[in-house]
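Participant: Build the 3D model from these lines:
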Amino acid sequence: MELLGEVVAWFGDRANWRGASGLVHLGWEHLVVSAAALAMAMTMALPLGLTLGHLGRGGVVAVNVSNVGRALPSFAVLVIALQLSSIGTTPTLVALTLLAIPPMVTNSYVGIREVDAETREAARAMGMTGRQVFRGVELPVAVPLVMAGVRTAAVQVVATATLAALVGYGGLGALILLGLRTGDNVDVFAGAVAVAVLALATELGLALVQRALTPQALRRRLTSDQRAEAAVPRPI
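Facilitator: The predicted model follows:
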């Protein structure tokens, strides 16, 4: 309890929020590198997953290859990238981007492939081209699953960006690293709390974006399906 009181007092001290080593600056650095890595991953992963899902070819290979990234420890990727470049932003972006790609490729591919085949055929029977089917039918239906992949990737990136301090970038990990070096558990705990809050805010923010992008009819159907599933009695 004493430690928690000290952490609360730490957050209440305005001096800890100001300057180059303050919470605002470190949090902004953390957010910027996370957003940049997520944007880079989205530009590569989403077009690949969505296109392969629409074509229905090569998806298994793409998903399996992208999943290799999940088996690679982010710290190992950071070290390798550090040897190939300089300290700071580059190795951090490389590691975080590679971390974010697998869930987005997988979810975007699966989201398109799970669109009902009869719905596709009905759209084509109405004279819609392949591109129109993709934009008007497949993509809107796949939005919830695609955004779930983006949310998963974003939370992983925000949490893992803490390691960026080890390669000289900064971010909230610098606060934790400082605490470990000086033996100050308050700094360590405060940094961990700040990362957790930022990850939670990212999850909630993207959940709102997902809800806004999901067509209203599909949103109502998903809600009714969830209610029906909750109403099914589970065996004891």
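Participant: How many residues are close by residue 121?
Facilitator: 11 (other Cβ atoms under 10 Å). For glycine as for every other residue, the C-beta is placed from the backbone atoms N, C-alpha and C.
Participant: which secondary element of this protein has the worst mean pLDDT?
Facilitator: helix 216-231 (a mean of 55; mean pLDDT, DSSP states H and E).
Participant: tell me, what residue is most central in this protein?
Facilitator: In the chain, the centroid-proximal residue (Cα atoms, centre = their mean) is residue 154; its distance is 1.6 Å.
Participant: quick one: average confidence on the helix or strand hosting that residue?
Facilitator: Assigned by DSSP states H and E, residue 154 falls within helix 139-160. The average pLDDT within helix 139-160 is 91.
Participant: what about the helices in the protein?
Facilitator: 2-12, 23-55, 59-71, 74-84, 89-113, 117-125, 130-133, 139-160, 172-182, 185-213, 216-231 (DSSP state H).
Participant: mind checking how far the first one is from the chain centre?
Facilitator: By that I understand helix 2-12. 30 Å (Cα atoms, centre = their mean, to the nearest Å).
Participant: And stretch 3-20, by the same measure?
Facilitator: With Cα atoms, centre = their mean as the basis, stretch 3-20 stands 28 Å off its chain's centre.
Participant: Between the two ends of it, what distance do you get?
Facilitator: By Cα to Cα, to the nearest Å, the extent of stretch 3-20 from end to end equals 25 Å.
Participant: what does it rub up against?
Facilitator: 22, 23, 24, 25, 185, 186, 187, 189, 190, 193 (Cβ atoms under 8 Å, 6 or more residues apart in numbering).
Participant: got it, and stretch 109-122?
Facilitator: 49-50, 52-54, 56, 59, 62-63, 133-134, 137-139, 141-146, 149.
Participant: how far does it stretch from start to finish?
Facilitator: 21 Å.
Participant: what about it, average pLDDT?
Facilitator: 84.
Participant: List the buried residues in that stretch.
Facilitator: Within stretch 109-122, the residues that qualify as buried by neighbour count (16 or more other Cβ atoms under 10 Å) are 109, 110, 111, 112, 113, 115, 120.
Participant: ok now that stretch, how far from the chain's centre?
Facilitator: That offset, for stretch 109-122, works out to 25 Å (Cα atoms, centre = their mean).
Participant: do stretch 145-159 as well
Facilitator: 2 Å.
Participant: Leaving out chain neighbours, which residue sits closest to residue 63?
Facilitator: residue 106 (5.1 Å; Cβ to Cβ, 6 or more residues apart in numbering).
Participant: neighbours of that neighbour, just the number please.
Facilitator: 22.
Participant: can you tell me which residues contact it?
Facilitator: Contacts of residue 106 (Cβ under 8 Å, 6+ apart): 49, 63, 66, 67, 149.
Participant: Tell me how many other residues crowd the residue nearest to residue 91 when sequence neighbours are not counted.
Facilitator: Among residues not flanking residue 91 along the chain, residue 81 sits closest, at 3.5 Å (Cβ to Cβ, 6+ apart). By the measure other Cβ under 10 Å, the count of residues near residue 81 is 17.
Participant: Tell me the spacing between residue 81 and residue 107.
Facilitator: Remark: distance between residue 81 and residue 107 (Cβ to Cβ, to the nearest Å) = 25 Å.
Participant: Phi, psi for residue 57 please.
Facilitator: phi -140, psi 140 (degrees, to the nearest 10).
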